[in-house]
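In: fold the following, please.
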Amino acid sequence: MSEQSAQSTEGHHLKDLPRNVWVVTLTSFLTDVSSEMLFNLLPIFLYSVLGVKTAFIGLIEGLAEAVASLLKLASGWLSDKLGMRKPIAVAGYALSTLAKPFLYLTTSWTGVLAVRFSDRLGKGLRTAPRDALVADTVRAEERGLAFGLHRAGDTAGAVIGLAVALIVVLLTQRGDPDLERSTFQSVVLISILPSVVAVLILAFGAHDVPVKKAESPVVGDAAAPIGESVPAKASLWRVPGFRRFIVLLVIFTLGNSSDAFLILRARTTGLSVAGVLGMMITFNLVYSVLSTPAGSLSDRVGRRSLLIAGWGVYALVYLGFAAAKNSWQAWALMGVYGIYYGLSEGAVRAFVADLVPAANRGTAYGTLYTAIGFSVLPASLIAGLLWQGAGNWNGLGPSAPFYFGALMAVIAAVGLYAFVPDRAGQPVT
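Out: This next block holds a predicted model:
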């Protein structure tokens, strides 16, 4: 990065970010207040209340993500085609809000799958247009900060949601270490209000930023100011850095099964339901606190460096979960896991905006999330099968999927260093 660019980045502060960034952040905050109080209890509800085996839990999580990922690609492309991000994002948040109350009634894993599938469809519909809206709203040198703030708000909502779930568990279960159906139903009812408010805030608070398209197809517009002409659409797969980045993310994701398995692994160490919620609060606090400064740091030192560091932390955490014997170890490892998320999640989103033209951003984010979503299905199935089948392999048992995840993270990190430039336009060395 040039000295001038670095100085420009250092001069940007949270108060300078546009209204859209704050509206989207508040929407994500409230949505996660609603979602995290539910979906961190869901694997325990499936396993302990409904008696579902881990292979089916992997199927539910993976299938919902994979099928919904088709919509992420379509919604991103449609937002590019129409030049509108907000209406599609609002529709996605509304669909997820409508799906959640049905968890109150479900009594089978197929019912949970239907609700989870509908919720993921809503996420698939909103995610790419929402991220493209953030990228359209800010300048290139603010992208890391903007996406870092968004991830911080999203995760702060998770902290509040988990805290609410923990309070409900402590008040209703009176020391019972397992989850009761009535407790889960109470959490479902409480989750509805913040989800509804989130939809209203986005609908009335955000505005679309028109993206004008120039006639000459030039790849890379990292410094193009908002409202000025940007390059016409070009095939994303003609952008080598983007293509390689997606392939490496797929490799990483094949070892990154649903976090439901981390929760179940913590339970095998003796952690109670209340302990699991406390562990997840710790994780999300670390993630939330780190996201904004890490995003700002990526504006100065580059996205790739933070991603490599994040994937390295991930590998160490998964090795730790493979070897964990006590509940305090699982709790501590989940806190370190928050460092991985804080370093990586905002940087991934900003890196995509660095690598592709503005006119392709919706499609690029759709491609990103579709690739990840389709990788989550085999990843979660592999994890579930390894968990169940590895008991015959020298007593590996629940440790097996975590050894596999650590290996895939190391392979992806090495590939990122070797094959992807740190910023758009740089030669690969």
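In: center of the chain - which residue?
Out: Glu345 (6.7 Å; Cα atoms, centre = their mean).
In: assign that residue to helix, strand or coil.
Out: helix (DSSP: H, G, I helix; E, B strand; the rest coil).
In: please report how far it lies from Gly295.
Out: Distance check for Glu345 against Gly295: by Cβ to Cβ, to the nearest Å, it reads 9 Å. Every residue, glycine included, has its C-beta placed from N, CA and C.
In: and if you look at Met280?
Out: Using Cβ to Cβ, Met280 is found at 22 Å from Gly295.
In: ok, Leu105 next?
Out: 40 Å.
In: these two - which one has more neighbours?
Out: Shown here are Leu105 and Gly295; by other Cβ atoms under 10 Å, Gly295 has more neighbours (29 against 10).
In: what helix or strand is the more buried one on?
Out: If you go by DSSP states H and E, Gly295 is part of helix 273-301.
In: likewise Tyr417?
Out: Assigned by DSSP H and E, Tyr417 falls within helix 400-419.
In: buried stuff in that helix?
Out: Across helix 400-419, burial judged by 16 or more other Cβ atoms under 10 Å covers 400-406, 408-413, 415-417, 419.
In: so which elements touch the helix holding Gly295?
Out: Under the contact definition 3 or more Cβ pairs under 8 Å, 6 or more residues apart in numbering; DSSP states H and E, helix 273-301 sits against helix 3-10, helix 143-173, helix 260-268, helix 303-323, helix 327-355.
In: could you dump those into JSON lines and include mean pLDDT?
Out: Output for the helices and strands packed on helix 273-301, formatted as JSON lines (pLDDT from 0 to 100):
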{"stretch": "helix 3-10", "mean pLDDT": "37"}
{"stretch": "helix 143-173", "mean pLDDT": "90"}
{"stretch": "helix 260-268", "mean pLDDT": "88"}
{"stretch": "helix 303-323", "mean pLDDT": "95"}
{"stretch": "helix 327-355", "mean pLDDT": "94"}
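In: in JSON lines, list the ones you listed along with distance to Pro129.
Out: Formatted as JSON lines, these follow (distance: least, Cβ to Cβ, whole Å):
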{"stretch": "helix 3-10", "distance to Pro129": "26"}
{"stretch": "helix 143-173", "distance to Pro129": "14"}
{"stretch": "helix 260-268", "distance to Pro129": "27"}
{"stretch": "helix 303-323", "distance to Pro129": "22"}
{"stretch": "helix 327-355", "distance to Pro129": "13"}
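In: wait, which of these is closest to Arg120?
Out: helix 260-268 (13.4 Å; Cβ to Cβ).
In: now do the closest one: distance to the chain's middle.
Out: 19 Å (Cα atoms, centre = their mean, to the nearest Å).
In: what's that helix in contact with?
Out: Applying Cβ atoms under 8 Å, 6 or more residues apart in numbering, the contact partners of helix 260-268 are 40, 42-44, 47, 54, 57-58, 61, 275-276, 279-280, 321, 324, 327, 330-331, 334, 337, 380, 383-384, 387, 398, 401-402.
In: next, the buried residues of that helix.
Out: Neighbour-count burial for helix 260-268 flags Ala260, Phe261, Leu262, Ile263, Leu264, Arg265, Ala266, Arg267 (criterion: 16+ other Cβ under 10 Å).
In: number of residues surrounding the closest residue in space to the residue nearest to the centre of the chain that isn't next to it in sequence?
Out: Excluding the flanking residues, the one nearest Glu345 by Cβ to Cβ, 6 or more residues apart in numbering is Arg151, at 4.8 Å. By other Cβ under 10 Å, the residues close to Arg151 number 27.
In: could we number from 95 for the rest of this?
Out: I'll keep to 95 as the first residue from here, and by that count the last item is Arg245.
In: for Arg245, what are its contacts?
Out: Contact partners of Arg245, counting by Cβ under 8 Å, 6+ apart, are Tyr381, Ser382, Ser385, Thr386, Gly389, Tyr435, Gly436, Glu439, Gly440.
In: and which of those residues is nearest Ile345?
Out: Glu439 (17.7 Å).
In: pretty sure the closest one contacts Ser382?
Out: No - at 10.9 Å, Glu439 does not count as touching Ser382 under the criterion of Cβ atoms under 8 Å.
In: can you find the helix or strand in the chain with the smallest mean pLDDT?
Out: When the helices and strands of the chain are compared on mean pLDDT, DSSP states H and E, helix 97-104 comes out lowest with a mean of 37.
In: any idea how far Ala441 is from the residue nearest to Glu439?
Out: 9 Å.
In: need the residues touching each of the two.
Out: Shared contacts of Arg245 and Ala441, defined by Cβ under 8 Å, 6+ apart, are found at Gly389.
In: thanks again, I'm all set now.
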